[in-house]
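Engineer: How does the following fold in three dimensions:
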Amino acid sequence: MKNKKKKYGFRKLLNDLHLWLGLGSGIILFLVCLSGTVLTFEKEIKSFFAKDFQVSGTKVMKIETLAEALQKEGEVSSVSIPAEAGKAYEFRVKTSPEDRRGTTFYVDPYTGEYLQSKKSSLDGFFMWNFRMHRWLLLDSAIGRPIVGIATIIFLFLALSGVVLWFPKKLKWKNMKSGFKIKTSANWKRINHDLHNTLGFYACIFLVIMTLTGLFWSFEWYREAGSSVLGTKVFNRGGAPSFISNDNIGAGDEASLASICSISSEELNYDGTTTISFPSGEDGVYNIRKTNDNGWSPVTTDQLVLDRDGTVLNKEIFSEKPLNVQIASLIKPIHTGEIFGTFSKIIYFLACLIATSLPITGTLIWLNKMKKKKPKNRNKKQEPGVKTVF
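Structural biologist: Next comes the predicted model:
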C-alpha cells in the first residue's frame, strides 16, 4: 500500500521560512545580539572600574565658585547636582572647539577639588561593540540597512517561532513539554529544548527590541512610526526654543544659587538636577530633573528659566500625552533602561538567549541532515528476502 504524501501546508511553509531565513541571517544576528548583550550594562561596568572620587566636608560651596575654578579648563556648559548629599557634582566643560559634547569633570562641592574623567580601554571596547551592533563595523550607510534587514528577519523568526512552538493538536499534554528543558535527555534533545523553550520565553522582549530597533535603521520606518504615534520620534531640534529678554541687565541676572532654588520650588521632589548654562547673549537656563521616586529612572521634567529667574516654560513628563511619552521613550524601551536595573537584567537574559538561538537552530538543522543521509544498502541480501522500498 502506497504511503500518502503529506500536504505542503502553511505550517510546513512557515517552518521552511523559519529555517532558511534563520540560517541565512544567523551570523549577522549572532553578532548584533552578542554586541547588544555586552552593551546592556555599559554604564554599570564603566562605573565599577572608574576611579573612585572621594567627597567629604560639611559646607557646600557656591556653584558659581566651583564653575569659575573650572573655567581655566575651558567653557563650562552644564552641571549635574545629585539629590543625595556627599556625592560629587558633574560639570561638563568644552575643553576645545573639537570637544563638542564636552568633557566630564567630577567636582567636590565641599572643597572645589576636581578630577577630569579620563578615557580608558573600556571606552574603546564599548564603542567597538556599539559600532558592531549598529553597523557591523562597516560604514554606516552600508551597515545600517544590513542590520535593519536582519532585524526584520529576526522579527519574523521570533513571531514564526512562537507559532511553531504550539503543537498541531492544542492539548496540554502536548504543550507542557515546551515549557521546560529536559536536562536528563541526550545533548540533541537538550539543544532542541534550549532553542524551543528559551526562545518562547524571550519572544516578547525580542519583539519589543526589534520593533524599537528598526527606528534607527530605516527613515521610512521612523516616519511610519511617527504617523502611527501621532508625534515625531527622535524629535531632535523640534522642541520650542526660548531666548532671553533683552531688557534684562547685568544687575538683574539671578545667581546660580537662585536658579537652583527656583528649580527646586518648581520641581519639588528629590532627584538629580542638570542645569545647562546660557550660551551667548540671548541664552537661557535649561533644567532637567529626574524624580528618584518616579516609575522610571529615565523620565525627566524640564524647566526653562530666563537669566533673571523668570519661568519661560515648564514640562512635566507625566502630564504629556501618552503618545508623546511613548515616542520619547523609544531608546530606553529598546535598551532596557526603562525600569532601571530590573528591566536591564531581563533584557540581558533575553539578549543572551537571542545570541544562542542562531547556534542552537543551526545544530538542530545539522542533526536533521544527518538523519536524512541514506543508509548503506550494499549489504548482501539473503535469498528469498524481498526488499520493499
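Engineer: Tell me which helix or strand comes right after the helix or strand bottoming out on mean pLDDT in the chain.
Structural biologist: Within the chain, no helix or strand scores below helix 172-175, which has a mean of 84 by mean pLDDT, DSSP states H and E. Downstream of helix 172-175, the first helix or strand assigned by DSSP states H and E is helix 187-217.
Engineer: can you give me how far that next one is from the chain middle?
Structural biologist: Counting by CA atoms, centre = their mean, to the nearest Å, helix 187-217 is centred 16 Å from the centre of its parent chain.
Engineer: next structured bit after it?
Structural biologist: On the C-terminal side of helix 187-217, the closest following helix or strand by DSSP H and E is helix 219-229.
Engineer: Just name whatever secondary elements that next one is in contact with.
Structural biologist: With contacts taken as 3 or more CB pairs under 8 Å, 6 or more residues apart in numbering; DSSP states H and E, helix 219-229 sits against helix 187-217, helix 322-328. Heads up, the C-betas are built off the backbone N, CA and C, glycines and all.
Engineer: Quick one: closest of these to Gly249.
Structural biologist: For the helices and strands packed on helix 219-229, proximity to Gly249 was assessed by CB to CB; helix 322-328 is nearest, at 36.8 Å.
Engineer: in that closest one, what's buried?
Structural biologist: Val324, Gln325, Ile326, Ala327, Ser328 (16 or more other CB atoms under 10 Å).
Engineer: Buried residues, the following helix or strand past that helix. List them.
Structural biologist: Sequence-wise, the next helix or strand downstream of helix 322-328 (DSSP H and E) is helix 330-335. Neighbour-count burial for helix 330-335, counted by 16+ other CB under 10 Å, picks out Ile330, Pro332, Ile333, His334, Thr335.
Engineer: will you turn those into TSV that also has pLDDT and distance to Ile353?
Structural biologist: Listed next are the buried residues of helix 330-335 as TSV, based on pLDDT from 0 to 100; distance: CB to CB, whole Å:
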residue	pLDDT	distance to Ile353
Ile330	97	23
Pro332	97	21
Ile333	97	18
His334	97	17
Thr335	97	17
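Engineer: These into a markdown table, with extra columns for distance to Leu170?
Structural biologist: Formatted as a markdown table, the buried residues of helix 330-335 follow (distance: CB to CB, whole Å):
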| residue | distance to Leu170 |
| --- | --- |
| Ile330 | 36 |
| Pro332 | 37 |
| Ile333 | 32 |
| His334 | 33 |
| Thr335 | 36 |
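Engineer: Between the residues you listed, which sits nearest His195?
Structural biologist: His334 (24.2 Å).
Engineer: List the single closest residue to the closest one in space, sequence neighbours excluded.
Structural biologist: Of all residues not flanking His334 in the chain, Thr212 sits nearest, at 3.8 Å (CB to CB, 6 or more residues apart in numbering).
Engineer: got a pLDDT number for the one you found?
Structural biologist: Looking at Thr212, its pLDDT stands at 98.
Engineer: how near is it to Ile330?
Structural biologist: Thr212 sits 5 Å away from Ile330, going by CB to CB, to the nearest Å.
Engineer: Now do the strands for the stretch 51-200 of the chain: every range, in order, please.
Structural biologist: Ranges of strands within the stretch 51-200 of the chain are 75-81, 89-94, 103-107, 114-116, based on DSSP state E, counting those that start in this stretch.
Engineer: Centre of the chain to the first one, how far?
Structural biologist: Computed by CA atoms, centre = their mean, the chain-centroid distance of strand 75-81 equals 26 Å.
Engineer: now swap in the last one and tell me
Structural biologist: How far strand 114-116 lies from its chain's middle: 29 Å, per CA atoms, centre = their mean.
Engineer: buried residues in it?
Structural biologist: Buried residues in strand 114-116 (16+ other CB under 10 Å): Tyr114.
Engineer: same deal with stretch 254-274?
Structural biologist: Ala254, Leu256, Ile259, Cys260, Ile262, Ser263, Leu267, Gly271, Thr272, Thr273, Thr274.
Engineer: what's the average pLDDT for it?
Structural biologist: Taken as a whole, stretch 254-274 has a mean pLDDT of 94.
Engineer: just stretch 287-294 next, same as before
Structural biologist: Stretch 287-294 comes out at a mean pLDDT of 94.
Engineer: Going by neighbour count, list what's buried in that stretch.
Structural biologist: Buried residues in stretch 287-294 (16+ other CB under 10 Å): Ile287, Arg288, Lys289, Thr290, Asn291.
Engineer: ditto for stretch 301-311
Structural biologist: For stretch 301-311, burial by neighbour count (16+ other CB under 10 Å) applies to Asp301, Gln302, Leu303, Val304, Leu305, Asp306, Arg307, Asp308, Gly309.
Engineer: would you list these in TSV and tack on secondary structure, pLDDT and distance to Glu223?
Structural biologist: What follows is the buried residues of stretch 301-311, written out as TSV (DSSP: H, G, I helix; E, B strand; the rest coil; pLDDT from 0 to 100; distance: CB to CB, whole Å):
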residue	secondary structure	pLDDT	distance to Glu223
Asp301	strand	97	28
Gln302	strand	95	25
Leu303	strand	96	31
Val304	strand	96	29
Leu305	strand	96	34
Asp306	coil	95	36
Arg307	coil	93	38
Asp308	coil	93	41
Gly309	coil	94	40
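Engineer: Cool, thanks, signing off.
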